[in-house]
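1. quick one: sequence and predicted model below, then my questions.
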Amino acid sequence: MLSEVERFQQDLLGSAKQMYINQRGSVFLSNASSSTRRVVIEPWAVEFELPSKSYCEVVSVGGSLPPDIEVEDDEYGFMFWINNMGAIYEYWQDGELID
């Protein structure tokens with residue numbers, strides 16, 4: 001059986017985990033070009049292909065606040081920089097979680 005202090009510690013840990021998950025920021029992008037574009041998420045150097053007329057959302061989850069995502073666009077595609085220490089990412093394409 002847990003003591004009152006142990007229950008409090010478990011509740012506090014659960015709240016901290018939930019707060020971490022709720023610290024989210026995202027950038028939504030649509031590929032209006034007639035060709036497939038490359039999407040790179042940094043600092044992980046993860047690459048995806050974004051077909052013509054498709055859309056994606058890059059999400060920063062957790063880490064430092066406020067969420068900070070920069071986007072660069074060049075002739076090859078889009079580069080997303082997630083600049084939050086301790087954050088992880090989610091990549092959504094056409095409404096489906098890909099990674």
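-> Nice, I can see it. Just so it is clear, the model here is predicted, and its values are computed rather than measured.
2. host element of the residue nearest the centre of the chain?
-> Central residue of the chain (Cα atoms, centre = their mean): residue 59, 2.3 Å from the mean position. Using DSSP states H and E, residue 59 sits in strand 55-61.
3. quick one: the helices in this structure?
-> Remark: helices assigned in the chain by DSSP state H are 4-22.
4. flag the shaky bits of it, pLDDT-wise.
-> For the chain, applying pLDDT under 70 flags the ranges 1-2, 4-22.
5. if we go to 90?
-> 1-25, 62-67, 74-76, 84-86 (pLDDT under 90).
6. about what we covered before: how far does the strand holding residue 59 sit from its chain's centre?
-> 5 Å (Cα atoms, centre = their mean, to the nearest Å).
7. then stretch 90-99?
-> That offset, for stretch 90-99, works out to 10 Å (Cα atoms, centre = their mean).
8. what is the end-to-end distance of it?
-> Start-to-end span of stretch 90-99 (Cα to Cα, to the nearest Å) is 6 Å.
9. again, but for stretch 84-94
-> This stretch, stretch 84-94, spans 25 Å end to end (Cα to Cα).
10. equivalent analysis for stretch 92-99, please.
-> Stretch 92-99 end-to-end distance (Cα to Cα) = 7 Å.
11. how about stretch 43-54?
-> Using Cα to Cα, the end-to-end distance of stretch 43-54 comes to 24 Å.
12. so which bits of it are buried?
-> 48, 50 (16 or more other Cβ atoms under 10 Å). C-beta: built from backbone N, CA, C; applies to glycine.
13. hmm, who's touching it?
-> 29-41, 56, 77-78, 81-82, 89, 91, 93-94, 98-99 (Cβ atoms under 8 Å, 6 or more residues apart in numbering).
14. what about residue 81, distance to residue 94?
-> Distance, residue 81 to residue 94, by Cβ to Cβ, to the nearest Å: 23 Å.
15. neighbour count: these two, which is higher?
-> residue 81 (15 against 12; other Cβ atoms under 10 Å).
16. excluding sequence neighbours, find me the nearest residue to the more buried one.
-> The shortest distance from residue 81 to any non-neighbouring residue, by Cβ to Cβ, 6 or more residues apart in numbering, is to residue 70 (4.3 Å).
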